[in-house]
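# Give me a 3D structure for the following:
(one chain, ligands or ions: 1)
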Amino acid sequence: MPNGPFAILPLKGNRSNIVWAEPRAADALLKMNEADFLSELTKRFGTFLGELSLEGPRFGYPLSLQMAERMIDQRVCLAGDSAHGIHPLAGQGLNLGLKDCAALAECIADGVALGLDPGDVSILERYQRWRQFDNVTMALGMEFFDKLFSNDIKPLRAARTLEACAVNAVGPARRFFMKYAGGGAGDLPKLLRGESLAA
Ligand SMILES: Cc1cc2nc3c(=O)[nH]c(=O)nc-3n(C[C@H](O)[C@H](O)[C@H](O)COP(=O)(O)OP(=O)(O)OC[C@H]3O[C@@H](n4cnc5c(N)ncnc54)[C@H](O)[C@@H]3O)c2cc1C
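I've put the predicted structure just below:
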């Protein structure tokens, strides 16, 4: 949408989580009565799942990109949103946090197996090296998509339509995006591959 991304993130059953970015009209939408809100929502969501109803309350969040300059300090490390706050348009925040936790657990387990203290600087540095690239890449990717989709400029509109069609039409591209969005791509820690830390 010209004002910002409107993302439909499927949940179990006939339900979806909606991320609706509206820099100017957010307050009015949050205060609207339910019938008016559903009417505004239907204009964007459509009726492909039938008539819409709300399963829970509406929440408003100020969105901004936040990246910690470093994820570690002496016997301290950051994981999840304490290290990175990214645009929620593709629902990737939790995935990144789970990857951080699984990578940290693996770094500590490997280090302790070598006889190191769990807070040893080499363990924390390995954790930071492992996770920082993925976190920064994902954050910048979401910013790029946000800027690409939050406007009504004709060439950009054409570019994103073309990109969406190409990804839909080309099986390997579609599968890559699905795998990446599902958190299953890249240098995955053992816990996210279903393996034990001891193995
Ligand atoms: C609008 C929106 C939609 C989103 N949609 C999705 C989605 O569909 N899929 C997805 O994967 N991600 C989504 N995210 C991102 C996701 O919510 C976060 O990435 C995830 O919740 C981060 O988990 P976390 O445990 O790192 O931090 P949080 O969930 O923020 O948890 C931190 C916890 O620490 C507590 N806390 C803070 N300070 C203290 C303190 N001093 N002492 C004790 N406790 C404290 C807080 O109360 C909180 O409970 C969305 C985010 C937003 C804003």
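
# Please identify the buried residues of the longest helix along the chain?
The longest helix of the chain (DSSP state H) is helix 121-149. Residues 123-124, 126-128, 130-132, 134-135, 138-139, 142, 145-146, 149 are the ones in helix 121-149 that count as buried (16 or more other CB atoms under 10 Å). Where you see a C-beta, it was placed from the backbone N, CA and C, and this is true even at glycine.

# is any part of stretch 188-197 close to the ligand?
No. If you take CB under 6 Å from any ligand atom as the test, stretch 188-197 misses the ligand, and the best it gets is 13.7 Å.

# Report the distance from that stretch to the chain centre.
20 Å (CA atoms, centre = their mean, to the nearest Å).

# Around the ligand, pick out the residues from the chain.
9, 17, 19, 61, 80-81, 88, 91-95, 97.

# Select from the residues you listed the one having the most neighbours.
Gln92 (21 neighbours; other CB atoms under 10 Å).

# what's the following helix or strand after the longest helix of the chain?
helix 154-169 (DSSP states H and E).

# and that following helix, how far from the chain's centre?
Worked out by CA atoms, centre = their mean, helix 154-169 lies 21 Å from the chain centre.

# by how many degrees do that helix and helix 121-149 diverge?
120 degrees (axes from the mean of the first three to the mean of the last three CA atoms, to 10 degrees).

# now helix 154-169: mean pLDDT?
Helix 154-169 carries an average pLDDT of 75.

# which strands and helices sit next to that helix?
Counting contacts by 3 or more CB pairs under 8 Å, 6 or more residues apart in numbering; DSSP states H and E, helix 154-169 packs against helix 121-149, helix 171-181.

# The same query, at a cut-off of 6 Å, please.
Judged by 3 or more CB pairs under 6 Å, 6 or more residues apart in numbering; DSSP states H and E, helix 154-169 is in contact with helix 171-181.
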